[in-house]
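*Asks:* Task: produce atomic coordinates for the following.
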Amino acid sequence: MKKEIRTEIEIDASAERVWSVLADFPRFPEWNPFVTRVEGEPKEGARLKIDVQLPGSRMLKFTPIVLKADAGRELRWVGNLPFGAFRGEHFYIIERISDAKCRFVHGEHFSGWMVRLIWLMVGKQTEAGYHLMNDAIKAEAEKR
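*Replies:* Alright, predicted model coming up:
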């Protein structure tokens, strides 16, 4: 089974500024209500330690691997459960609209035989968290 979440928001800041907020993992706890901690580097092949606070629910911990880190454009990581049970490929895409405006696309592709169960348990909270993060990165990028 497969599922996808895709959200987006326009930000009145350059793609480079949005990237500088997104790639500054140590400062996530200061502004990000959803992905509250990231340890590691935004570089391909790096292993990350991530804490995600689901709105109105519990904290989840992940150790994904960075698939793509294209400064000013895209950050993508993937986490897996064994035996093909679950795979989540998380993406952040920064689309330049003008020198001072961009679109932030934030989502995830889910696959594996446990997707239906996981979706029923935390799908709505996960999507709500993406929207919270979108609003927060917009505020942070426009403030800096």
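*Asks:* check contacts around Arg6.
*Replies:* Shown in contact with Arg6 (CB atoms under 8 Å, 6 or more residues apart in numbering): Val105, His106, Gly107. To be clear about C-beta, it is placed using only N, CA and C from the backbone, and glycine gets the same treatment.
*Asks:* If we use 10 Å, what do you get?
*Replies:* By CB atoms under 10 Å, 6 or more residues apart in numbering, the residues touching Arg6 are Phe91, Ile93, Val105, His106, Gly107, Glu108, His109, Glu127, Tyr130.
*Asks:* Any chance of the backbone angles for Ile118?
*Replies:* phi -60, psi -40 (degrees, to the nearest 10).
*Asks:* correct me, but it touches Ala85?
*Replies:* Yes. Applying CB atoms under 10 Å as the test, Ile118 and Ala85 come out as touching, 9.1 Å apart.
*Asks:* of the two, who's got more company?
*Replies:* Per other CB atoms under 10 Å, whichever of Ile118 and Ala85 has more neighbours is Ile118, with 18 against 13.
*Asks:* about what we covered before: tell me, what's touching Ile118 and Ala85 both at once?
*Replies:* With CB under 10 Å, 6+ apart, Ile118 and Ala85 have common neighbours Gly112.
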